[in-house]
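# Sequence plus predicted model, see below.
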Amino acid sequence: MSCAAQTFEAASLRLLPEGAKPDYTQLDVLDATHPGIWKAPSLLTIDLNLFEMIVTAYSVSNSGMHDALMAQLPLWAMKETYHLTTRIPEGATLADLRLMLQALLKERFALATHWDNRTMPVLLLQQAGTSTNLAPFKGMCQQQPANCTSDFRWKDGMVHMAFTGQTMSQIADTLSGLGHYMGGQKRGPIVDDTNLPGQWNSTIDFSPLMGTNETQGDTFATALKKQMGLTLKPAERPVPSLVIDHVDHPKDEQ
């Protein structure tokens, strides 16, 4: 059940001293991978920069959109880390948390935004042939949300990703982050163009490109085609985009 409040019961936001080590202990609280089983803590304490807070507050889940978002922000929004301590009302959902964080950003940073469809370079996720290596999901996500997940693992220098009960749009969003940060796919966001309805199971294992062209296994693009039966096609498409209208540097003491 969602709580009625759209603001934190209490909130403190302070600039983290230069050289201080950020605290990411509660980072999993901001994980939107499993909204169906998400539970709000009574107290949230975490260190984030403004860009990270915006991504969380407005659910910019497709990592391929992050460069376009950062380009609209001043450099301090990525460089300065803030210590955030909030008291969350009982019964709050993940959607409630996002609204509370939006209200906080509006109050402390005078942040103003709107959504707009903007045409940009994208990578269309398409079927590589007449069939894919995707298996239809036969469970019930609403009744058993814990069974519908995207599970990321790093082992032996390889990225291992397992999708269970995910729509193709959700899979595309996850692949977008993997491709952008670890697969050398810098053109833009990966957007679903498979025309496959429903929910799916699949896996992908690939060797990440981390500043080197040396790989131990399949590259991201090769693994996508061989293991999932999918391919990426460069194109330009209108994409829902978060537009930053205004942002101010906050006062030192908040």
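Yes, it's here.
# residues contacting the closest residue to L16 other than its chain neighbours?
Leaving aside its chain neighbours, L16 sits nearest to T81 (4.3 Å; criterion: Cβ to Cβ, 6 or more residues apart in numbering). (C-beta placed from N, C-alpha, C; glycine too.) Contacts for T81 (Cβ atoms under 8 Å, 6 or more residues apart in numbering) come out as L15, L16, A20, P22, D47, L48, N49.
# same thing with V122?
Per Cβ under 8 Å, 6+ apart, neighbours of V122: G64, R187, G188, P189, I190, V191, P234, A235, E236, R237, V239.
# C-terminal to whichever strand or helix holds it, what's the next element?
Assigned by DSSP states H and E, V122 belongs to strand 112-127. As assigned by DSSP H and E, the chain's next helix or strand after strand 112-127 is strand 135-136.
# need the contacts of T81 in a markdown table with neighbour count, can you?
Putting these into a markdown table (neighbours: other Cβ atoms under 10 Å) gives the following:
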| residue | neighbour count |
| --- | --- |
| L15 | 17 |
| L16 | 17 |
| A20 | 11 |
| P22 | 14 |
| D47 | 19 |
| L48 | 22 |
| N49 | 18 |
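# Test of understanding: give the bridge partners of N201.
Applying DSSP bridges to N201 gives these bridge partners: A135.
# looking at the protein, which residue ends up farthest from its center?
T130 (30.2 Å; Cα atoms, centre = their mean).
# quick revisit: name only those of the contacts of V122 that count as buried.
G64, G188, P189, I190, V191, R237, V239 (16 or more other Cβ atoms under 10 Å).
# Just name the closest of the residues you listed to P250, please.
G64 (28.6 Å; Cβ to Cβ).
# R187 is in what secondary structure piece?
Applying DSSP H and E, one finds R187 in no helix or strand.
# follow-up on the earlier one: okay, the contacts of T81 in JSON lines with secondary structure, pLDDT and distance to L94 next?
Output for the contacts of T81, formatted as JSON lines (DSSP: H, G, I helix; E, B strand; the rest coil; pLDDT from 0 to 100; distance: Cβ to Cβ, whole Å):
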{"residue": "L15", "secondary structure": "strand", "pLDDT": "92", "distance to L94": "27"}
{"residue": "L16", "secondary structure": "coil", "pLDDT": "89", "distance to L94": "25"}
{"residue": "A20", "secondary structure": "coil", "pLDDT": "85", "distance to L94": "28"}
{"residue": "P22", "secondary structure": "coil", "pLDDT": "83", "distance to L94": "22"}
{"residue": "D47", "secondary structure": "strand", "pLDDT": "91", "distance to L94": "20"}
{"residue": "L48", "secondary structure": "strand", "pLDDT": "91", "distance to L94": "16"}
{"residue": "N49", "secondary structure": "strand", "pLDDT": "94", "distance to L94": "21"}
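# which of those residues lies closest to E90?
L48 (23.4 Å).
# Hmm, E80 and that closest one touching each other?
No: contact criterion Cβ atoms under 8 Å: L48 and E80 do not qualify, at 10.2 Å.
# that older thread, direction included, what does the strand holding V122 pair against?
Checking strand 112-127 against DSSP bridges gives partners strand 190-192 (parallel), strand 230-246 (antiparallel).
# Using CSV, lay out the ones you listed together with distance to W200 and mean pLDDT.
Shown next, in CSV, are the strands paired with strand 112-127 (distance: least, Cβ to Cβ, whole Å; pLDDT from 0 to 100):
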stretch, distance to W200, mean pLDDT
strand 190-192, 11, 95
strand 230-246, 11, 95
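# Could you give the separation of stretch 115-131 from the chain centroid?
The chain centroid and the centroid of stretch 115-131 are separated by 17 Å, computed with Cα atoms, centre = their mean, to the nearest Å.
# Pull the CA coordinates from that stretch and hand them back as CSV.
Extracted C-alpha coordinates of stretch 115-131, given in CSV (Å, rounded to 0.1, in the frame of the first residue of the first chain):
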residue,chain,number,x,y,z
TRP,A,115,9.9,15.1,-20.0
ASP,A,116,10.1,15.4,-23.8
ASN,A,117,10.4,13.1,-26.8
ARG,A,118,13.7,13.9,-28.3
THR,A,119,15.1,12.4,-31.5
MET,A,120,18.6,11.0,-30.9
PRO,A,121,21.0,8.3,-32.1
VAL,A,122,19.9,4.9,-30.7
LEU,A,123,20.7,1.2,-31.0
LEU,A,124,17.6,-0.8,-32.0
LEU,A,125,17.4,-4.2,-30.3
GLN,A,126,16.1,-6.6,-33.0
GLN,A,127,15.8,-10.3,-33.6
ALA,A,128,18.9,-11.5,-35.5
GLY,A,129,16.9,-14.1,-37.4
THR,A,130,13.6,-16.0,-37.5
SER,A,131,14.1,-17.2,-33.9
